[in-house]
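**Student:** Using only what follows, build the 3D model:
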Amino acid sequence: MTRNPGRDLNKRLGTQDLTLPEILVETEKREISFDQLLTIPEQDDWVYSDGKSASCIAFVLEMYKEAGLFDPIASSILVTEFMVKDAYTLKFFENNSSRLPKWCNDRDTVKLLFCQI
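**Tutor:** This is a model prediction of the structure:
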């Protein structure tokens, strides 16, 4: 899904349909900087007029979260704030390549220490 910065900034302000100049005026009224507005984290439960805004990695991490992999701190995890590198550096993966299934690197010319399903 293509991100709409105006939509995202409106969500962070709790406003709707403000243009970028109007958003800048609103931040001034609230005495917050534009930088502060940009750093407000995306909330996993935010729903926009066209649905939830999530990347592929956020979708996968949401499944991990629902499966309990983030317990006991799941309620403090915002999967929409993760980048791909954040996801693959999590320690949810097998780190002993001898325990990977045979099919994992079967036809690969480069043998990797991990397997993506």
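
**Student:** which residues touch the spatially most central residue of the chain?
**Tutor:** Central residue of the chain (Cα atoms, centre = their mean): residue 80, 2.3 Å from the mean position. Contacts of residue 80 were listed using Cβ atoms under 8 Å, 6 or more residues apart in numbering, and they are 41, 42, 43, 44, 46, 53, 54, 55, 58. In short, each C-beta sits where N, CA and C put it, glycine included.

**Student:** Could I get the full set of helices for this protein?
**Tutor:** 5-13, 20-29, 34-38, 56-66, 84-88 (DSSP state H).

**Student:** Export the ones you listed to JSON lines and append columns for distance to residue 100.
**Tutor:** Output for these, formatted as JSON lines (distance: least, Cβ to Cβ, whole Å):
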{"stretch": "helix 5-13", "distance to residue 100": "39"}
{"stretch": "helix 20-29", "distance to residue 100": "48"}
{"stretch": "helix 34-38", "distance to residue 100": "40"}
{"stretch": "helix 56-66", "distance to residue 100": "19"}
{"stretch": "helix 84-88", "distance to residue 100": "15"}
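
**Student:** Averaged over its residues, which helix or strand of the protein has the lowest pLDDT?
**Tutor:** Least confident element among the helices and strands of the chain, by mean pLDDT, DSSP states H and E: strand 51-52 (a mean of 76).

**Student:** May I have the strands that pair with that one, each with its orientation?
**Tutor:** Strand 51-52 has these partner strands in its sheet, going by DSSP bridges: strand 47-48 (antiparallel).

**Student:** Give me the contacts around the partner strand.
**Tutor:** 7, 11.

**Student:** State the mean pLDDT of it.
**Tutor:** Strand 47-48 shows a mean pLDDT of 80.

**Student:** can you check stretch 10-20 too?
**Tutor:** 90.

**Student:** buried residues in it?
**Tutor:** Across stretch 10-20, burial judged by 16 or more other Cβ atoms under 10 Å covers 10, 11, 12, 13, 18.
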